[in-house]
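Q: Got a predicted model here, sequence first, then my questions.
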Amino acid sequence: MRHGDSLTRATRSNALWGRLVVVLATMTCVLVAVSGAAGSSAPPAGSGLQTALVKAMSSHLHAYIPGALLSSAQQNPKQSFDVILQGSRKEKAGDFLRKAFQDSQQNGQSVDSNQVKRQFAAIDGARASLSGWQILALGMSRNVTAIVPNDTVKLSAVDLPVSNSEKWGWSTGAAVDWTGQALSLHTPTIAVVDSGIDATRTADFGSRVLGQVSLASVLPNSPGDGYGHGTFVAGIAAGAAAGNAGVAPSANLLSVDVMGDSGMATVADVVAACDWILANKSQYNIKVANFSLHASSPASLFFDPLDQAVEKLWLNGVTVVTAAGNYALDGQQSDVPFAPANDPFVITVGAADIMNTLSAADDVAAPWSAWGYTVDGFSKPDLSAPGRYMVGPVPDAATLAAERPDHVVAPGYMQLGGTSFAAPAVAAAAALILTQHPDWTPDQVKGALMVSARGTPAATPGSLGVGELNVPLARMVQTPPNPNAGLAPYVATDANGTAVFDSAAWQSAAQASAAWSSAAWSSAAWSSAAWSSAAWGSAAWSSAAWGSAAWSSAAWGSAAWSSAAWSSAAWGSAAWGSAAWSDAAWSSAAWADTIRGDAAGDPGVTRSPITPAEIAQAEADLGIVDAGCDPTQGGCTAPLLP
């Protein structure tokens with residue numbers, strides 16, 4: 001989540017406490033015990049009585065109190081806050097304060113007149129210095145309409161079991177995955193098809209690298225990860241080292257090594273990796289496969305073997321996530337002609353530049369992040385994730401570290417940029433979705449990720465897909481739309497009884513009618529029904545903030561497939577001539593440029609460490625009040641601090 005895109009509203013915070021079962025009789029007893037003059041006795045900090053009182057008072061609030069202020073008052077009821085009290089517009093400030101303070105005293109907390117710093121004429125209210133206890137007591141008064149911070153509210157950050165010192169992880173809302181509850185989840189395995197994973201890095205991966213298989217035909221290929229790229233990708237997805245947590249530190253990993261120490265591979269090796277995953281997915285519980293690579297020859301889903309291989313995975317229950325590529329120039333439309341990013345089924349991920357902020361409002365596509373149409377007319381990427389100035393693990397002896405020593409930020413860690421490092425963030429989110437919905441299809445996972453994506457108004461339309469990864473909301477989707485609905489009629493069964501995409505049938509439909517996709521991509525498919533309170537399972541996560549306007553036909557309509565992009569030129573002999581299919585075109589060199597481009601995409605090292613204040617605000621926005629509780633699951637209550 002982002003500062004400025006807060007999920008925490010007063011209604012959410014009040015509902016958070018309101019779900020607690022606290023009987024009114026118990027509340028009355030504890031209020032009597034602490035009544036008296038301002039600053040008088042209160043339950044001992046951290047005691048069961050204090051906890052019960054805070055819960056009871058919070059469950060009977062009538063006034064609007066912003067989430068950050070309410071959370072701070074609940075966690076630190078003895079702390080003093082500079083606030084503005086507001087009452088009914090029909091009363092004078094003096095009358096309002098008298099009634100409000102009477103109510104507060106009846107609720108167990110009196111307020112001295114010297115705590116009022118100023119009464120206002122423009123509003124029926126006043127500025128006051130109040131303790132957390134007094135804020136809760138006044139918030140219970142029906143004469144108080146709102147209590148808001150006058151200036152800044154001091155937040156107490158929650159010390160999570162794992163964390164990340166860079167902004168990128170916080171900007172996705174991944175902090176909800178760093179709680180004790182989330183870390184205990186049995187998250188399925190992510191297959192990392194790359195240059196290998198250095199499983200000896202136990203601080204990063206513990207014992208969660210379940211296996212390593214080497215299919216690389218380009219030698220030399222050192223054990224583990226001689227190049228370093230795959231370890232970095234794995235760290236973004238599932239790292240757990242102090243200050244370098246990935247999106248899903250609970251996920252298991254399976255290394256499928258297709259690249260030698262030089263970062264080179266062949267298409268045949270990557271297709272073989274798909275075969276291996278298909279054959280072993282049940283044994284290792286592989287439900288997500290990440291491909292942070294792509295070919296260099298333009299391809300159509302009709303002929304490309306890699307497209308057909310990833311489609312086979314997708315249609316057999318493996319969610320495929322792939323990088324869009326790093327060949328755009330200065331943010332201009334580059335189109336996406338290369339496999340597997342060009343495949344309409346899979347989740348293609350672009351790289352966002354978060355502009356060193358936690359808000360999505362200023363995010364744009366990294367200048368080299370590929371976007372546009374495939375040769376078959378499909379718009380890519382599908383969504384985006386942070387991908388610029390990323391810090392991740394790389395073996396000290398890896399080729400990447402030797403090639404780019406200026407990008408080494410600490411022993412065993414580098415800062416790199418590329419869509420290769422945006423993709424694993426989305427792959428990790430996909431694995432977490434499948435933790436909660438193990439029976440979901442890849443289409444449903446894709447729908448959940450896309451429908452929950454955050455808007456990026458500063459970005460060129462289409463450059464970041466439908467928006468940017470929003471981990472907590474993606475995990476909370478209950479009824480996802482199907483972004484591949486237009487392709488479903490063309491899924492058939494092959495001679496082996498497995499699902500395959502009948503591209504010839506799709507071609508006939510597309511040739512017969514350029515509007516074949518209009519029904520599949522209509523705004524109805526992305527209606528507000530997906531955002532109802534029933535869909536989110538909790539009224540605390542209001543659909544109002546995520547209305548259907550975000551999914552209007554203009555945002556995700558006919559532009560999702562373009563007949564103009566699918567022009568006759570794409571099928572000309574020049575595009576599909578013998579040169580395009582020569583041995584040279586499919587050689588290992590086609591893969592080297594992609595991986596090397598990721599490493600060299602950003603000159604120099606630009607750190608974006610997160611500040612303690614930003615952490616505290618991000619946690620408040622996410623509703624993280626307890627290091628052991630995952631707010632996406634509901635029912636989290638703040639442990640009271642001394």
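A: Yep, that arrived.
Q: and residue 196, what does it touch?
A: Residues near residue 196 by C-beta atoms under 8 Å, 6 or more residues apart in numbering: 212, 214, 221-227, 230-231, 255, 257, 259. All C-beta spots, glycine's among them, are computed from the backbone N, C-alpha and C.
Q: Show the buried residues in the residues you listed.
A: Taking 16 or more other C-beta atoms under 10 Å as the criterion, what is buried in the contacts of residue 196 is 212, 214, 221-222, 224-227, 230-231, 255, 257, 259.
Q: Return the closest of those residues with respect to residue 122.
A: For the buried ones among the contacts of residue 196, the closest approach to residue 122 (C-beta to C-beta) belongs to residue 231, at 59.4 Å.
Q: What backbone torsions are found at that closest one?
A: Phi and psi for residue 231, reported as degrees, to the nearest 10, are phi -70, psi -40.
Q: Might one say that it is in contact with residue 396?
A: No: at 10.9 Å, residue 231 does not count as touching residue 396 under the criterion of C-beta atoms under 8 Å.
Q: Please pull out the lowest mean pLDDT helix or strand from the protein.
A: Every helix and strand in the chain was compared by mean pLDDT, DSSP states H and E; the lowest is helix 533-536, with a mean of 28.
Q: Name the SS class of the residue nearest to residue 633 when sequence neighbours are not counted, please.
A: Leaving out its chain neighbours, the residue that sits closest to residue 633 by C-beta to C-beta, 6 or more residues apart in numbering is residue 181, at 6.5 Å. The local conformation at residue 181, judged by DSSP: H, G, I helix; E, B strand; the rest coil, is helix.
Q: Quick one: neighbours of residue 331, just the number.
A: Using other C-beta atoms under 10 Å, residue 331 has 17 neighbouring residues.
Q: pLDDT score for the nearest residue to it once chain neighbours are set aside?
A: The spatially closest residue to residue 331, leaving aside those adjacent along the chain, is residue 367, at 4.8 Å (C-beta to C-beta, 6+ apart). Listed pLDDT for residue 367 reads 94.
Q: How about the contacts made by residue 201?
A: Residues counted as contacts of residue 201 (C-beta under 8 Å, 6+ apart) are 231, 241, 393, 395, 412.
Q: and if you look at residue 157?
A: Listed by C-beta under 8 Å, 6+ apart, the contact partners of residue 157 are 612, 615-616, 619.
Q: Go again with 10 Å.
A: By C-beta atoms under 10 Å, 6 or more residues apart in numbering, residue 157 lies in contact with 163, 612-620, 624.
Q: likewise residue 366?
A: Counting by C-beta under 10 Å, 6+ apart, residue 366 touches 326, 328, 331, 350-354, 384, 386-389, 417-419, 422, 463-464, 601-602.
Q: 8 Å instead, please
A: The contact partners of residue 366, by C-beta under 8 Å, 6+ apart, come to 331, 350-353, 387-388, 417, 419, 601.
Q: Kindly supply the PyMOL command isolating those of the residues you listed that are buried.
A: Paste this into PyMOL to select the buried members of the contacts of residue 366, with burial taken from 16+ other C-beta under 10 Å:
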select buried, resi 331+350+351+352+353+387+388+417+419+601
